[in-house]
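Engineer: predicted structure and sequence below. I'll ask about it afterward.
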Amino acid sequence: MTTAMKLYYMPNACPLVPQIVMEWMGQNYTLQEVPRDELKSPWFLSLNPLGSVPVLIDGDITLTQNAAILEYLNELHPEAGLHGQDLVERMEVRRWFGFCNDDLHRTISMIFGVGAYSDDPEIQQLLVDKTAQRVRFLFEIADKQLEGKQWLTSQRSIADPYLYVILRWAKAKDIDLSGLDNLERFFANMNSDPGVQAALQKQGVA
Ligand SMILES: N[C@@H](CCC(=O)N[C@@H](CS)C(=O)NCC(=O)O)C(=O)O
């Protein structure tokens, strides 16, 4: 008997992306919450020297980085078609996944971790304001991409839960989303998706 995969996570953080993907794929998994104050403890650093989630364990295999975890899941479940079907679609999925995993995630992280850049509250506020403007600029690009479409690419893909998770953070941080109607429609559709709901409920954040 094979044991279920184990996903190490913090509630509402980016492991929600591979978790939603596993729900969509029908992949069995268990969840293991990592308390924030244990991220840099020896036991967790032995799994991921960066001390960050997600970490996915599958038997003897320990995977970190969303991009690697999602590619691994795709190799196991190509029938789910979440990486795009042909060459052009696969490149489009990579493009929008990169947009979310790199540009958007890296930028919005500044707002959550501004204390790492300055102890001065005025400088922190300046950094947060500038970053919020940049996040808004990136969301405008995503909003345009979603014009007349349900998903970022021609079909549901690994990029969609990433955009959704970052939108959750943006809403929690009161980023200005006014007038970005395509993004709001996308967010509402994702919120009512059964796989998304299952993932949120298992994390206790529905
Ligand atoms: N590039 C990494 C980013 C991982 C990441 O930023 N994880 C955050 C949660 S969304 C985290 O664990 N932050 C805690 C920390 O780095 O101390 C990936 O895609 O997996």
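Structural biologist: Thanks, I have the structure now.

Engineer: how about the residues of the chain near the ligand?
Structural biologist: With C-beta under 6 Å from any ligand atom as the criterion, the chain comes near the ligand at residues 13-14, 39, 51-54, 65-66, 101. The way it works is simple: take the backbone N, C-alpha and C, and place the C-beta from them, glycine included.

Engineer: can I have the buried ones of those residues as a PyMOL selection?
Structural biologist: Buried residues among the residues of the chain next to the ligand (16 or more other C-beta atoms under 10 Å), as a PyMOL selection:
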select buried, resi 13+14+39+52+53+54+66+101
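
Engineer: so which of the residues of the chain next to the ligand belong to helices?
Structural biologist: Among those, DSSP state H puts N66 in helices.

Engineer: surely V93 touches D86?
Structural biologist: No: between V93 and D86 there is no contact under C-beta atoms under 8 Å: 10.8 Å.

Engineer: what about the two, which has more around it?
Structural biologist: Higher neighbour count among V93 and D86: V93, with 26 against 8, using other C-beta atoms under 10 Å.

Engineer: contact partners for the more buried one?
Structural biologist: The contact partners of V93, by C-beta atoms under 8 Å, 6 or more residues apart in numbering, come to 82-84, 153, 157-159.

Engineer: from these, which single one is nearest the ligand?
Structural biologist: I158 (11.6 Å; C-beta to the nearest ligand atom).

Engineer: residue contacts, that closest one?
Structural biologist: 17, 21, 70, 74, 82-83, 93, 97.

Engineer: repeat that with 10 Å
Structural biologist: Neighbouring residues of I158 by C-beta atoms under 10 Å, 6 or more residues apart in numbering: 17-18, 20-21, 24, 66-67, 69-71, 73-74, 80, 82-84, 93-94, 96-97, 100-101, 152.

Engineer: next: N191.
Structural biologist: Contacts of N191 by C-beta under 10 Å, 6+ apart are 164, 167-168, 197, 200, 206.

Engineer: how about a cut-off of 8 Å?
Structural biologist: Applying C-beta under 8 Å, 6+ apart, the residues near N191 are Q197.

Engineer: what about it, distance to the ligand?
Structural biologist: Per C-beta to the nearest ligand atom, to the nearest Å, N191 is found 19 Å from the ligand.

Engineer: isn't M91 right up against G84?
Structural biologist: Yes: counting by C-beta under 8 Å, G84 is a contact partner of M91 at 7.4 Å.

Engineer: ok, and the closest non-adjacent residue to G81?
Structural biologist: Excluding its sequence neighbours, the residue lying closest to G81 (C-beta to C-beta, 6 or more residues apart in numbering) is Q155, at 6.5 Å.

Engineer: count of neighbours near the one you found?
Structural biologist: So Q155, with other C-beta under 10 Å, has 15 neighbours.
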